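Participant: Just need the structure, nothing else, for what follows:
(one chain, ligands or ions: 2)
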Amino acid sequence: MRSLSLPVALTMGEPGGIGPDITLASWLRRFDETLPAFYVIADPGLLAARAERLKLQVPIRVCTADEALSVFSNALPVVPLDREISDEPGELRSANGPAVIASIDRAVDDIRQGKAAAVVTNPIHKKALYDAGFDYPGHTEYLGALSARFGIASARPVMLLAGPDLHVVPVTVHIPLKDVPGTLSRELIAETGRIVAADLKKRFGIEAPRLALCGLNPHAGEGGTIGREDMEIIAPAVADLRAEGIDASGPYSADTLFHARARTTYDCALAMYHDQALIPIKTIAFDSAVNVTLGLPFVRTSPDHGTALSLAGTGKARPDSLEAALRLAAALSDPHSVD
Ligand SMILES: NC(=O)c1ccc[n+]([C@@H]2O[C@H](COP(=O)([O-])OP(=O)(O)OC[C@H]3O[C@@H](n4cnc5c(N)ncnc54)[C@H](O)[C@@H]3O)[C@@H](O)[C@H]2O)c1
Ligand SMILES: N[C@H](C(=O)O)[C@H](O)COP(=O)(O)O
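Facilitator: Ligands and ions are numbered 1, 2, ... in the order given. Next comes the predicted model:
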């Protein structure tokens with residue numbers, strides 16, 4: 001992956017979470033040639049304090065994004081935020097909210113300015129950001145809004161969870177379960193399918209992506225006797241996608257779409273709500289799955305986990321998913337290397 005001519009920009013994430021921990025651990029694995037060089041946009045003091053608490057020998061080097069490649073092999077490149085962080089591992093401090101957001105903004109601007117190959121985001125704590133006035137459901141929607149800086153305001157971001165044996169997309173995401181039926185529409189499902197098909201082809205090199213759509217109701221509605229959304233919303237969306245030449249099928253009973261043999265029949269499953277997608281992927285690939293935002297004018301990945309506050313500063317947080325996110329960001333930025 002060292003073939004990348006630019007470093008990956010890694011955001012700070014929630015300072016009280018495990019983002020600093022897994023960032024330090026990933027840098028310590030820097031001689032693994034499959035990992036791209038990266039820099040983290042954060043408060044240098046936060047990283048230094050976490051390294052000391054974890055007793056990790058990680059030299060911290062404050063530098064610019066342009067210097068990151070030359071620094072990476074000897075020290076963790078940190079592009080400093082112009083805001084101090086006060087942190088205690090495991091503690092949420094809403095005063096840190098603006099700095100968490102500023103790190104994301106800076107990473108996107110570095111992409112826009114051609115200083116970074118891709119953005120990888122450390123986990124944020126959504127409620128902490130909501131309490132600090134962040135009015136987006138999460139990174140995915142916020143990055144879509146930031147895409148306007150690229151002059152592509154129409155970017156409609158889609159959340160893909162990519163694991164070694166499963167790609168899955170939740171059509172609806174961070175909304176209460178009770179609101180899912182009313183949010184689902186033929187148009188939303190078809191639009192999501194179009195974006196997924198286009199990016200699986202463009203970014204993942206899958207020439208004719210096969211999309212399998214989950215039903216919403218048990219047994220995909222049992223012919224309309226256990227709910228009507230499957231027949232009246234999802235099936236028409238499948239028909240629309242097929243009419244446009246996209247290899248979509250379903251709606252299928254979701255409870256038999258994720259076992260090993262079923263997973264060989266499609267390239268990406270479209271689930272109707274968050275946990276219908278994330279339970280299977282995090283069950284079979286928690287340490288290797290990656291959150292990829294499709295539909296953006298740049299590459300963004302993230303570990304598939306959150307802030308794991310109880311693990312921050314304990315040495316128990318695993319960096320595997322962050323490292324998988326770094327590798328995939330590099331691979332998607334260098335399309336010739338996507339396997
Ligand atoms: N991409 C993101 O920024 C992202 C992703 C998921 C959750 N979150 C946020 O994180 C916060 C906590 O969410 P949650 O508790 O649902 O999920 P979580 O992933 O933080 O924790 C779930 C469980 O997995 C464990 N875990 C998580 N990451 C681990 C790692 N790297 N190594 C070892 N164990 C790990 C945790 O200890 C916990 O037991 C919420 O605010 C949520 O919104 C953010
Ligand atoms: N739903 C994702 C997960 O559970 O991993 C995560 O919250 C993604 O949210 P972002 O839009 O902040 O990446």
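
Participant: Find me the pLDDT at the closest residue to L76 other than its chain neighbours, would you?
Facilitator: Distances taken as CB to CB, 6 or more residues apart in numbering put W27 closest to L76, at 4.5 Å, once the chain neighbours are dropped. For every residue, glycine as well, the C-beta is placed using N, CA and C. At W27, the model reports a pLDDT of 98.

Participant: What count of nearby residues applies to whichever residue of the stretch 201-339 of the chain sits closest to ligand 1?
Facilitator: Of all residues in the stretch 201-339 of the chain, G306 sits closest to ligand 1, at 2.2 Å by CB to the nearest ligand atom. Here the count is done by other CB atoms under 10 Å, and G306 has 16 residues near it.

Participant: In this structure it contacts K127, no?
Facilitator: No: contact criterion CB atoms under 8 Å: G306 and K127 do not qualify, at 10.8 Å.

Participant: that older thread, helix/strand/coil for the nearest residue to the residue of the stretch 201-339 of the chain closest to ligand 1 once chain neighbours are set aside?
Facilitator: Leaving aside its chain neighbours, G306 sits nearest to P123 (4.7 Å; criterion: CB to CB, 6+ apart). P123 falls in the coil class when you classify it by DSSP: H, G, I helix; E, B strand; the rest coil.

Participant: mind listing what P123 touches?
Facilitator: Residues counted as contacts of P123 (CB atoms under 8 Å, 6 or more residues apart in numbering) are G13, E14, G17, I18, G19, S302, P303, H305, G306, T307, A308.

Participant: Quick check: phi and psi at the last one.
Facilitator: According to degrees, to the nearest 10, the main-chain angles of A308 amount to phi 40, psi 60.

Participant: One more: D135?
Facilitator: Torsion angles, degrees, to the nearest 10, at D135: phi -110, psi 40.

Participant: Give me the neighbour count for it.
Facilitator: Quick note: D135 (other CB under 10 Å) scores 9 neighbours.

Participant: what's the spacing between it and ligand 1?
Facilitator: 15 Å (CB to the nearest ligand atom, to the nearest Å).
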